[in-house]
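Asks: Sequence and predicted structure are below.
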Amino acid sequence: MLRVPPPPDFVPFERAALEQSLADRFEQQARRAPGRTAIAARAQSLTYAQLNARANGIAARLLTTSARRDLPVCVLVGHGALQAAAILGVLKAGRAYVGIDPLHEPEAHRRTLAHCGADVVVCEAGSRALAARLATPGVHVLDLDGPEAAPREDDPPVARSPDDAAYIYYTSGTTGVPKGVLDNQRNVLHNVMRYTNHLGIAPSDRLSLLQSVAFSGAVSSLFAALLNGATSLPADLRADGVAGAAEWLESQGVTIYHSVPSIFERLAGTGRRFPSLRIVRLEGDLATPRHLALFQQHCGAGVTLVNGLGATETGISHQFVCGHDTRLAGNVLPVGLPCQDVQGFVVDAAGEVLPPGSVGEVVVRSRYLALGYWRQPELTAARFGEDPSGRGERTYRTGDLGRYTSGGVLELLGRSDRAHKLHGRWVDLQSVEAGLMRVPGVRDAVAVVRESRAGGNELVAYLVPREGGTRPGPAVLRAALAALPDEPAVPARHVWLEALPLDANGKVARHALPDPPRERPPVTSAWAAPAGATEEALARLWAEVLGLDAVGVHDDFAELGGGSLQAIDIVTRAEALFGLRRGAPRLLEASTVAGMARRIDKLRAAHGDAAAPGG
């Protein structure tokens, strides 16, 4: 595997650094280079000395507000320099933080606040009213724009340990029961060590911060900058838009870019060149060969692409380094080899380890996994396990499907909770999506298995057309997939969208994909209504099986989105409906309602049966 060449000022992150707190490590950087820029945001930039003083003031105010170090502190602050100061202030006070995005739904805020048990909410002017509404009796509101949290030069005299809690990140706090991942500072430091030493992060680096630190994906980017004396570049996608964020990062000389693949794709489309860039890091969702192609097309020859696997529960666990000469054999962009002090393997449903090449659930083993789920011991026990080796390691079942190559490289295939068997066959959704995105006219594609209107499950493809291109019809899409060597499953229905819905992390919001429409899709034949009892009965049958409101008698079965299993269903039901014997000759070959009606009428006439359907 390729290695990432470090800058001349790179200093390795030593293992001895794991024996301190996050605040201790940051304070060392502030003493070493007080005048270096720590945070460069549009609204405010802070040097290391200024950020340290701002965090000290917040810590001092916290210490006088509450002495409950066993409870976390909620940080309800918008994206930017003040948010980083708030987090550091909480850590300096010996407390763990819970990041809350002010733009999330208030009901989600209430659930998170109630579940974590925080007794302090830190806010700013823009979130002051929201904090006041959320604060239940016994919960204090600390306003960072008030005089009580003014900057202070002296670091707070608080005893801190690397085994202290660092944060609780809620991975599903917007719906259902909140799930808070608790981690300690030693594990966060080790995650930064893995990231730093593999990518050669140096004080001269300038790291993008596109996600709010209310999301765990921002942890490695923020702390890898601030614990290495580098510069963090917050860019607010929601406020500035993709074009504005790209302009800001280019003007600020970003050297390490990090986001989910879908955001990278949109930034690449802005045409910005980012001349200072040396690393593009993708993580948080499935990256495909198409993203590698975008990288090779839009990034300079000296830039490296790093595709990785990470989770709130594990930190960065795998990384795969690509260059401009990287060529892939299949439809998968690997997530690579395990990182330092991390092992990985895949297991079957019974938990048995599978050999290379076998598809199973990815399991990560390390002594640096998250501590578990806050106040949810049963869920912790279900996902985390003790390793029987006795080396102090633990295991975490990621919920991701994948396979290891014979060389130990992990290929990720999607989430196990989104995996389905369709008609007895496991569907590799990533292969379907990759195949569809090879078709001319298709810019983006997502495949899902969902319940059909006729009962049972069906594979549905959601497609985004290329700008100014012609949308290929169902027959073209089906033929393109059928021609691929890996023979992916063929969608029964194709739904065209102007854009795929995204969640706050920039991932595809699969739950927000619309139901497939019932209207007749564009076909080459003109609409023709059924004539006669046989055509009328067949048109109703075809529409029911295909999930459409109506079907024209000359509409082609493949253009309507029909697949082989639906064809068999139609024939089987037509045989029963018209009283034909099983396996009626050539009935399956009819591609239109009119053609099938003619064959049925001939078969019934040959047997002297002119009764109405079902008679």
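Replies: Arrived safely, thanks for sending.

Asks: residue contacts, residue 89?
Replies: For residue 89, the contacting residues are 54, 55, 56, 57, 58, 59, 61, 62, 122, 149, by Cβ atoms under 8 Å, 6 or more residues apart in numbering. The way it works is simple: take the backbone N, C-alpha and C, and place the C-beta from them, glycine included.

Asks: what do you get if the cut-off is 10 Å, keeping everything else the same?
Replies: Applying Cβ atoms under 10 Å, 6 or more residues apart in numbering, we find residue 89 in contact with 23, 51-52, 54-63, 73, 75, 95, 97, 122, 142, 144, 149, 156.

Asks: Just the residues you listed: which are in helices?
Replies: Using DSSP state H, 23, 51-52, 54-63 are the members of these that sit in helices.

Asks: For those, work out which two are farthest apart.
Replies: In those, the most distant members under the criterion Cβ to Cβ are 51 and 63, with 18.7 Å between them.

Asks: Who has more neighbours out of these two?
Replies: Under the neighbour definition other Cβ atoms under 10 Å, residue 51 and residue 63 were set side by side, and residue 51 has more, 27 against 18.

Asks: Correct me if wrong: the more buried one contacts residue 92.
Replies: No: the criterion here is Cβ atoms under 10 Å, and residue 51 misses it with residue 92 at 11.3 Å.

Asks: residues bridging contact with those two, i.e. touching both?
Replies: Common contacts of residue 51 and residue 92 (Cβ under 10 Å, 6+ apart): residue 26.

Asks: Please, where are all the strands along the stretch 301-450 of the chain?
Replies: Ranges of strands within the stretch 301-450 of the chain are 304-311, 315-322, 337-338, 343-347, 360-366, 372-373, 384-386, 394-404, 410-415, 421-422, 425-426, 442-451, based on DSSP state E, counting those that start in this stretch.

Asks: same question, the stretch 151-300 of the chain
Replies: 165-170, 180-184, 206-209, 231-234, 256-259, 279-282.

Asks: Can I get the longest one as PDB, trimmed to CA atoms?
Replies: Extracted C-alpha coordinates of strand 165-170, given in PDB (Å, rounded to 0.1, in the frame of the first residue of the first chain):
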ATOM      1  CA  ALA A 165     -14.300  10.800  29.900                       C
ATOM      2  CA  ALA A 166     -13.800  13.000  26.800                       C
ATOM      3  CA  TYR A 167     -17.300  13.100  25.200                       C
ATOM      4  CA  ILE A 168     -20.600  11.500  24.600                       C
ATOM      5  CA  TYR A 169     -21.600  11.500  20.900                       C
ATOM      6  CA  TYR A 170     -25.200  10.700  20.000                       C
END
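
Asks: still on that earlier bit, with mean pLDDT as extra columns, can I get the strands of the stretch 151-300 of the chain in JSON lines?
Replies: Formatted as JSON lines, the strands of the stretch 151-300 of the chain follow (pLDDT from 0 to 100):
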{"stretch": "strand 165-170", "mean pLDDT": "95"}
{"stretch": "strand 180-184", "mean pLDDT": "96"}
{"stretch": "strand 206-209", "mean pLDDT": "97"}
{"stretch": "strand 231-234", "mean pLDDT": "97"}
{"stretch": "strand 256-259", "mean pLDDT": "96"}
{"stretch": "strand 279-282", "mean pLDDT": "96"}
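
Asks: For residue 18, which of those strands is the nearest?
Replies: In terms of Cβ to Cβ, the element of the strands of the stretch 151-300 of the chain nearest to residue 18 is strand 180-184, at 10.8 Å.

Asks: so how many other residues sit close to residue 195?
Replies: Around residue 195 sit 30 other residues, with neighbours defined as other Cβ under 10 Å.

Asks: switch to numbering from 88
Replies: New numbering, starting at 88: the last item is residue 282.

Asks: separation between it and residue 94?
Replies: Using Cβ to Cβ, to the nearest Å, residue 282 is found at 15 Å from residue 94.

Asks: try residue 295
Replies: In terms of Cβ to Cβ, residue 295 sits 16 Å off from residue 94.

Asks: Mind checking which of these two has more residues around it?
Replies: Comparing residue 295 with residue 94 by other Cβ under 10 Å, the one with more neighbours is residue 295, at 27 against 13.

Asks: Got the domain ranges for the chain?
Replies: Using automatic domain parsing, the domains assigned to the chain come out as 507-599, 620-693.

Asks: what's the spacing between the longest one and its chain's center?
Replies: Domain 507-599 has its C-alpha centroid displaced from the chain centroid by 17 Å (Cα atoms, centre = their mean, to the nearest Å).

Asks: any idea how far residue 277 is from the closest residue to residue 406 other than its chain neighbours?
Replies: Distances taken as Cβ to Cβ, 6 or more residues apart in numbering place residue 395 nearest to residue 406, at 4.3 Å, with adjacent residues excluded. Relative to residue 277, residue 395 is positioned 16 Å away (Cβ to Cβ).

Asks: Tell me the confidence at residue 544?
Replies: What the model reports for residue 544 is a pLDDT of 67.

Asks: Equivalent analysis for residue 647, please.
Replies: With respect to pLDDT, residue 647 scores 78.

Asks: how many neighbours does residue 680 have?
Replies: So residue 680, with other Cβ under 10 Å, has 27 neighbours.

Asks: and what of residue 601?
Replies: Other residues within reach of residue 601 by the criterion other Cβ under 10 Å amount to 9.
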